[in-house]
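Novice: Below: sequence and its predicted model.
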Amino acid sequence: MPTTRMTGSQRRQQLIEVGRGLFAERGYQAATVEEIAERAGVTKPVVYEHFGGKDGLYAVVVDREIDELSARMTAAISTDKARIAGEQAALAFLTYIDERGDGFKVLVRDAPVGRGESALATVMGDVAVRVEQLLLATFADRGFDAEAAPMYARMLIGAVAFVGEWWLEAGKPDRDRMASHLVNLLWNGLKGLESEPPPLRILATGASANGRPGAD
């Protein structure tokens, strides 16, 4: 039976989807142009024609996922209400993982050597800057040290990113319940925050990390 030929843009989109699935499944290093071409039902030169090779295709896949996740997170935290921003950010992040699991796996899997920090770290770093601004306002209202805001912002974002990876693999609880648990920990942790946390007990008592008396 006759088949309908794809246009150039349709073929490009197909290769992006195939590449995203393969990079998510096998990682950048293990994926090959041969496999990409085979799964797309084309020859290797077609992949090179559209992307110049595996690295070019990977860059497009990653850039699209960064744009998608960044847009969702930016929209979620575009409010000056810290609690609302936290709820919306947690839900937006988990929704992205739920809807674009392959894309999220690409962001957290191995990247080409020399590419620098991971793609997910790039996105979450940008989000952390916005969270930092929200915390600055909250800290000012409570008389906290403003210099601690960047540190706490990255603690929060790091926790969200790490639990997202676990949740994708665990597959439970459902998204809304997961978001509720996440906000419960993060918000109530901030709610009970002390303006000047006391020294760690093991340091205050002269004990070392293994529970034995320290040398000092």
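Specialist: Done, it's in. Everything numeric here is computed off the predicted structure, so don't read it as measured data. Numbers count the residues shown, from 1 in each chain.

Novice: What is the subsequent helix or strand relative to the strand or helix carrying residue 24?
Specialist: Residue 24 belongs to helix 8-30 when assigned by DSSP states H and E. Under the assignment DSSP H and E, the closest C-terminal helix or strand after helix 8-30 is helix 33-40.

Novice: any idea which helix or strand carries the most centrally placed residue in the chain?
Specialist: In the chain, the residue lying closest to the centroid (C-alpha atoms, centre = their mean) is residue 120, at 4.1 Å. Applying DSSP H and E as the criterion places residue 120 in helix 119-142.

Novice: Dump that helix to PDB, keeping only the CA atoms.
Specialist: Only the C-alpha atoms of helix 119-142 are listed here, as PDB (Å, rounded to 0.1, in the frame of the first residue of the first chain):
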ATOM      1  CA  ALA A 119      20.300  20.100  32.500                       C
ATOM      2  CA  LEU A 120      18.100  19.700  35.500                       C
ATOM      3  CA  ALA A 121      20.600  21.600  37.700                       C
ATOM      4  CA  THR A 122      20.400  24.500  35.200                       C
ATOM      5  CA  VAL A 123      16.600  24.700  35.400                       C
ATOM      6  CA  MET A 124      16.400  24.300  39.200                       C
ATOM      7  CA  GLY A 125      19.200  26.800  39.700                       C
ATOM      8  CA  ASP A 126      17.100  29.400  37.800                       C
ATOM      9  CA  VAL A 127      14.100  28.500  40.000                       C
ATOM     10  CA  ALA A 128      16.200  28.800  43.100                       C
ATOM     11  CA  VAL A 129      16.900  32.400  42.300                       C
ATOM     12  CA  ARG A 130      13.200  33.200  42.200                       C
ATOM     13  CA  VAL A 131      12.600  31.200  45.400                       C
ATOM     14  CA  GLU A 132      15.400  33.200  47.000                       C
ATOM     15  CA  GLN A 133      13.500  36.400  46.400                       C
ATOM     16  CA  LEU A 134      10.400  35.000  48.000                       C
ATOM     17  CA  LEU A 135      12.400  33.900  51.000                       C
ATOM     18  CA  LEU A 136      14.000  37.300  51.300                       C
ATOM     19  CA  ALA A 137      10.600  38.900  51.800                       C
ATOM     20  CA  THR A 138       9.600  36.200  54.300                       C
ATOM     21  CA  PHE A 139      12.900  36.500  56.200                       C
ATOM     22  CA  ALA A 140      12.600  40.200  56.400                       C
ATOM     23  CA  ASP A 141       9.100  40.000  57.900                       C
ATOM     24  CA  ARG A 142      10.400  37.600  60.600                       C
END
